[in-house]
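# Okay, here's the prediction I keep looking at, along with the sequence it came from:
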Amino acid sequence: MNLVLLLPEDLVAPDRARLTGRRLAHVREVHRAAIGADLAVGLLGGMMGRGRVLRLDDESLELALTLDQAPPPKLPLTLLIALPRPKVLNRVVAAAASLGAARLVLLNAWKVEKAYWASPRMRPENLRDQLILGLEQAKDTALPELRLARLFRPFVEDELPGLLAGGTGLLAHPGTGGAAPKVLAGPITLAIGPEGGWIEAETQSLLKAGMRPLDLGPRILRTETALAALVGKLF
């Protein structure tokens with residue numbers, strides 16, 4: 001936790017916060033903070049700054065707040081990611097927030113098992129928790145927009161062209177031979193398929209909607225690895 005992220009309900013006054021639970025344990029056990037210490041803090045959806053420790057014991061952490069810094073700007077990036085395995089989902093969602101994406105769309109695909117959508121990790125509270133962990137890691141306070149698209153064709157045909165308007169759409173898929181553009185105009189929509197890859201019909205649908213192929217080479221990468229490599233290449 002590089003940033004102690006405060007929720008609106010943590011505020012006991014405009015310049016005071018009281019924390020319990022996971023964040024209290026982290027400050028005590030990892031930061032090993034003491035009374036009078038300054039911690040990097042931020043208010044979810046708001047400003048960042050410093051929090052001076054006023055009280056720290058087994059029950060709670062109380063901070064005096066100075067919030068005077070804007071969070072880092074979001075990347076002009078929409079991530080369109082085929083829903084990964086539940087085992088991987090938490091890491092992908094947290095990474096998307098940490099990398100600064102403005103929007104994350106989790107999309108169905110032929111090689112996405114139906115059971116993935118029913119996983120407990122798809123519960124809204126878990127997805128939000130993972131986004132918050134990503135913000136804490138990156139020292140950010142602004143949640144990315146998160147959308148679930150359970151139907152591939154309606155999303156690609158009806159909604160994706162609007163996302164691509166005025167920007168660049170890139171379809172990550174091995175074997176296409178597409179190189180990363182040297183100059184990018186406007187926002188970027190980046191599509192990353194399941195670990196088994198997009199099927200041909202999905203690839204053609206995405207290209208027809210206005211996306212351009214992007215090939216990282218012959219190696220088949222895990223979703224979270226491909227995500228980091230692609231964002232690093234583009235930004």
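It's in. Computed from a predicted model, the values in this text were never measured in an experiment.

# How is this protein divided into domains?
4-69, 75-234 (automatic domain parsing).

# The shortest one - what's its average pLDDT?
Within the predicted structure, the mean pLDDT of domain 4-69 is 96.

# ditto for the longest one
The average pLDDT within domain 75-234 is 92.

# Just the endpoints, please. Distance across it?
By C-alpha to C-alpha, to the nearest Å, the extent of domain 75-234 from end to end equals 11 Å.

# before we move on, the earlier item: just the domains of the chain: most buried one?
Greatest average neighbour count among the domains of the chain goes to domain 75-234 (a mean of 17), per mean count of other C-beta atoms under 10 Å. For the C-beta atoms, the positions are set from N, CA and C on the backbone; glycine is no exception.

# Where do the strands of this protein begin and end?
Taking DSSP state E as the criterion, the chain carries its strands at 4-6, 11-13, 16-19, 38-43, 48-56, 61-69, 75-82, 101-107, 145-149, 168-172, 188-192, 212-214.

# can you redo those strands as a markdown table with distance to Leu135?
A markdown table is the format used below for these (distance: least, C-beta to C-beta, whole Å):
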| stretch | distance to Leu135 |
| --- | --- |
| strand 4-6 | 6 |
| strand 11-13 | 17 |
| strand 16-19 | 16 |
| strand 38-43 | 8 |
| strand 48-56 | 10 |
| strand 61-69 | 14 |
| strand 75-82 | 14 |
| strand 101-107 | 12 |
| strand 145-149 | 12 |
| strand 168-172 | 24 |
| strand 188-192 | 20 |
| strand 212-214 | 27 |
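
# Touching, Thr203 and His173? I think so.
Yes - if you go by C-beta atoms under 8 Å, Thr203 and His173 touch, sitting 5.9 Å apart.

# Show me whatever sits in contact with both of these two.
Shared contacts of Thr203 and His173 (C-beta atoms under 8 Å, 6 or more residues apart in numbering): none.

# Check the gap between the residue nearest to Ala185 when sequence neighbours are not counted and Met211 for me.
In space, not counting the residues next to it along the chain, Ala185 is nearest to Thr168; the distance is 6.4 Å by C-beta to C-beta, 6 or more residues apart in numbering. Taking C-beta to C-beta, to the nearest Å as the measure, Thr168 falls 9 Å from Met211.

# can you list residues touching both of those two?
Shared contacts of Thr168 and Met211 (C-beta under 8 Å, 6+ apart): Thr189.

# Glu136 and Val105, how far apart?
From Glu136 to Val105 the distance is 23 Å (C-beta to C-beta).

# Pro72: what's it in contact with?
Contact partners of Pro72, counting by C-beta under 8 Å, 6+ apart, are Gly100, Ala138, Lys139, Asp140.

# quick one: pLDDT of it?
Looking at Pro72, its pLDDT is 97.

# From Leu146, how far off is it?
19 Å.

# can you check Leu160 too?
Counting by C-beta to C-beta, the gap from Leu160 to Leu146 is 17 Å.

# show me where the protein has helices.
Assigned by DSSP state H, the chain shows helices spanning 21-26, 86-99, 114-117, 124-138, 152-154, 160-164, 200-208, 223-234.

# about what we covered before: turn the contacts of Pro72 into CSV, including distance to Ala109.
Putting the contacts of Pro72 into CSV (distance: C-beta to C-beta, whole Å) gives the following:
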residue, distance to Ala109
Gly100, 25
Ala138, 27
Lys139, 33
Asp140, 29
